[in-house]
Structure formats: structure tokens, C-alpha cells
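Chemist: Sharing a sequence plus its predicted fold:
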Amino acid sequence: MAAPREAPERRPFGRRFLTDPARLFQHNAWDNVEWSEEQEASARSKVQENSSQLLPQDKQEEYEVNAKRYWDDFYKIHENGFFKDRHWLFTEFPELAPNRNPSQNGDSVHEFGNKEESNNEGLGSCENGHCSLETRAENQLNLIKITPKICTKDLAAQKYSELNQSDGDYPGSSASYRVLEVGCGAGNTVFPILQTNNDPGLFVYCCDFSTTAVDLVQNNAEYDSSRCFAFVHDLCNDQSPFPMPDESLDVVILIFVLSAILPEKMQCIVNRLSRLLKPGGMILLRDYGRYDLAQLRFKKGQCLSDNFYVRGDGTRVYFFTQDELDDLFTTAGLEKIQNLVDRRLQVNRGKQMTMYRVWIQCKYRKPAAPPL
Ligand SMILES: C[S@@+](CC[C@H](N)C(=O)[O-])C[C@H]1O[C@@H](n2cnc3c(N)ncnc32)[C@H](O)[C@@H]1O
């Protein structure tokens, strides 16, 4: 049964440890659980089973070619209601609001208050195979407010490619702290950053290849073009421009986005993002880990390649190991600051069910001076 994990290099990811199995159903989640050998073997065998029949090549290509359309459809259906705002961000990634007062909301992200426990009995919604990324945040304030729609392509701000970066004239060029979130979806990370980080020198860029998602961000009442710039960008298209020059960013954020990319294309993307970082700048990532419940729930016929699956709605997802992410980032010339696995046991007390979530969290930094 689950017990506290004691790997020395790991910072405890939460504070509720299941030391007495009899208490399993007394709370809705337990942190830092260790898997038994049997559990690991059972997960491995489920994955072997659900990967034993790969989707035919023509189908696989169809999902790659139409990836943007599937995500557009996802955001048309769910708008900004699926992935919830994540105030835990600042506990895990203080780099996003370095001057923040730690007493602001979000610090108790891994502490489970009574109110939340009574509301949050779900095992994390797993609608269409999209397991909600953090059930913890589900009962927090919904900060998204929609204003009348403006079409993305009509926004003058979108014409950043016409700006002359060599003149130093690009969105956010006068900022002193620049953050880019790639694969921003409906803005569930961007808006908490804008609300929490009050540094007047902050500028937040965010992009997604889904025009529907970028429309949602731009039409949000919290969207302030003097502090933020949302743009459409396909990470897989290496000709698609970024609005800022190389070596201009302090932070790049990847929250559950690298897993949506064809594995063969991940390295090029990470290399390019690394070039955008200032020396000393950081990439922050949180994403699905190997044998997360979402992986174990896939059925035979949904596997595209090892640990890469297509959901019922046509969106795709990869499940990483820590070593794979380490390879991607170090190959891009970055150095490890953090690479940890967050294993959480979620409990549905009503249904007396348990679910094991596995997430990986990384911080990798661009060396301050280029290696000799
Ligand atoms: C699981 S969602 C996560 C969204 C957001 N980061 C969040 O945490 O709420 C994955 C996001 O990656 C975006 N995405 C997938 N492939 C992409 C690509 N090639 N270029 C840009 N965005 C992409 C999708 O449109 C989607 O918004």
C-alpha cells in the first residue's frame, strides 16, 4: 500500500502522506505515494495490452495533419471550462511571480481543506480521455470572464510578424521580465500569472495553434494588451515566427503541452524554445508521467506508438519518463534544476475507488555563459 516516498533528491510534492492504509478513505488525495512492485507490474502489463495493436499509418497521419482542427473542436465544445485555473502554479513555480507574497492563495495547493474535500470527491474528471489536469484547482475561483467576441485574425496585434524586431520594436520589448507560455489553451495559466505577478516590468506572451483557444484568451475580460500578447503559433512548424527575438525570455512554460506533440518533433521544439531563453532563463514543465491513470485507461486500438495515444476526440497524448524529459532538455543545452515525479493517490470516497496519478515536473535553465 502507498507510503511516503523517500528519494533524497525529491522535494516533497505535498504534505498528506498515507502511512496507515486504514485511513485511505478519510481524505480525497494522498501525496507522494510509492508504488509497489505488483502495482508497477500491473501498470506495465496494462500498457503492453493497450499498445499491442497500433493504429494504421494512414490514420496516424490523419491525426497529425488535422491536429489543430481536433484541438479547435475541443475548445469549441469546452471553451474555457475544462482545464481549470491553477493557482498551485506559484507554489511549484515561484519563478512566475518572484515578488509574490507567499500568503496569497495557492500556497495550500497540496493541503486539503474540509470545504474542498467535501466538494472534490471526483477522481479527476476523465471526459473523453482528458483527465482533468489537477482536480485540486477545480473548486477554486473561476476567474475567466468572457467579453464580446473579437476574431483573432482581425486583431491588429496579431500582425507581429510585420514588426521589425531588429529595431527592438516588438510586443513586450520594453519589459524587464518576459514569460512565454506555449500551448496556452484558454489561458488557465496566463491569467493567474497576470493577476498574481504585479511586477510592472512583467510581460506575458502566450500562444497556441488552436485559433479557437487564442480567441478565448484574447476575448477574456482579463486580457490586457499592455501586459500580454496572445498569438497563434504552431510549435511543429519551424518556419512559424515568434514575436520576440532569441535570448529575450526569462521563462518558457510548458503545461501539459509537450505531451500533445508527435514524439519525433519534440526535440526540435525544445531546441527552438531554448534559443528564445536569455542566458539564465528557465523552461518550466509539468506533464503526464508514465503509467498515469490516463495511460492505463486507454483501450486497445488507441495507441499510435510507444506511450503515445489518441483520445476519442482526436487529440493525442504522450506519457513521459523523467529520463526522456532530461534528454530533451539537456540535448537542447539546458541544465537541470529540478526533475521530479509527482505520484498522487486520488480517492473517490463516495464510490470507494482509488486512482493513481503520475505527473512530472521539470525546471531546466540555460547556462549563464555559453559552454567553452
Ligand atoms: C492539454 S492542453 C493544455 C493547455 C494549457 N497548457 C493548460 O494547461 O490549460 C494542450 C494544448 O496544447 C496545444 N497544442 C497542441 N499541439 C500544439 C502545437 N503543435 N502547437 C501549439 N499548440 C499546440 C493544444 O491546442 C492545447 O491547447
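Modeler: That came through, no problem.
Chemist: can you give me the helices in the protein?
Modeler: 37-50, 57-65, 67-78, 89-92, 114-119, 190-196, 211-218, 263-276, 293-296, 322-331 (DSSP state H).
Chemist: And the contacts of the first one?
Modeler: Around helix 37-50, the neighbours that count as contacts under C-beta atoms under 8 Å, 6 or more residues apart in numbering are 35, 291, 295-296, 298-300, 302-303, 307, 309, 356. C-beta here means a position set from N, CA and C on the backbone, and glycine is covered the same way.
Chemist: how about the helices of the chain in CSV, adding distance to residue 170, mean neighbour count and mean pLDDT?
Modeler: Formatted as CSV, those follow (distance: least, C-beta to C-beta, whole Å; neighbours: other C-beta atoms under 10 Å; pLDDT from 0 to 100):
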stretch, distance to residue 170, mean neighbour count, mean pLDDT
helix 37-50, 44, 13, 95
helix 57-65, 31, 12, 96
helix 67-78, 25, 18, 95
helix 89-92, 26, 21, 89
helix 114-119, 42, 12, 31
helix 190-196, 18, 22, 94
helix 211-218, 18, 24, 97
helix 263-276, 12, 18, 98
helix 293-296, 38, 22, 96
helix 322-331, 26, 17, 98
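Chemist: which one of the contacts of helix 37-50 sits closest to the ligand?
Modeler: residue 309 (13.0 Å; C-beta to the nearest ligand atom).
Chemist: The stretch 151-300 of the chain: strands as residue ranges?
Modeler: Taking DSSP state E, counting those that start in this stretch to define them, one finds strands in the stretch 151-300 of the chain at 177-182, 202-208, 228-232, 249-255, 277-288.
Chemist: Just send these back as a markdown table, with mean pLDDT, mean neighbour count and distance to residue 99 too.
Modeler: Putting the strands of the stretch 151-300 of the chain into a markdown table (pLDDT from 0 to 100; neighbours: other C-beta atoms under 10 Å; distance: least, C-beta to C-beta, whole Å) gives the following:
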| stretch | mean pLDDT | mean neighbour count | distance to residue 99 |
| --- | --- | --- | --- |
| strand 177-182 | 98 | 25 | 10 |
| strand 202-208 | 98 | 26 | 10 |
| strand 228-232 | 98 | 24 | 18 |
| strand 249-255 | 98 | 23 | 13 |
| strand 277-288 | 98 | 21 | 16 |
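Chemist: Mind putting the ones you listed into CSV with distance to the ligand?
Modeler: Formatted as CSV, the strands of the stretch 151-300 of the chain follow (distance: least, C-beta to the nearest ligand atom, whole Å):
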stretch, distance to the ligand
strand 177-182, 6
strand 202-208, 5
strand 228-232, 8
strand 249-255, 4
strand 277-288, 8
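Chemist: Which pLDDT value does the model give the residue nearest to residue 274 when sequence neighbours are not counted?
Modeler: Excluding the flanking residues, the one nearest residue 274 by C-beta to C-beta, 6 or more residues apart in numbering is residue 332, at 4.0 Å. The model reports residue 332 with a pLDDT of 98.
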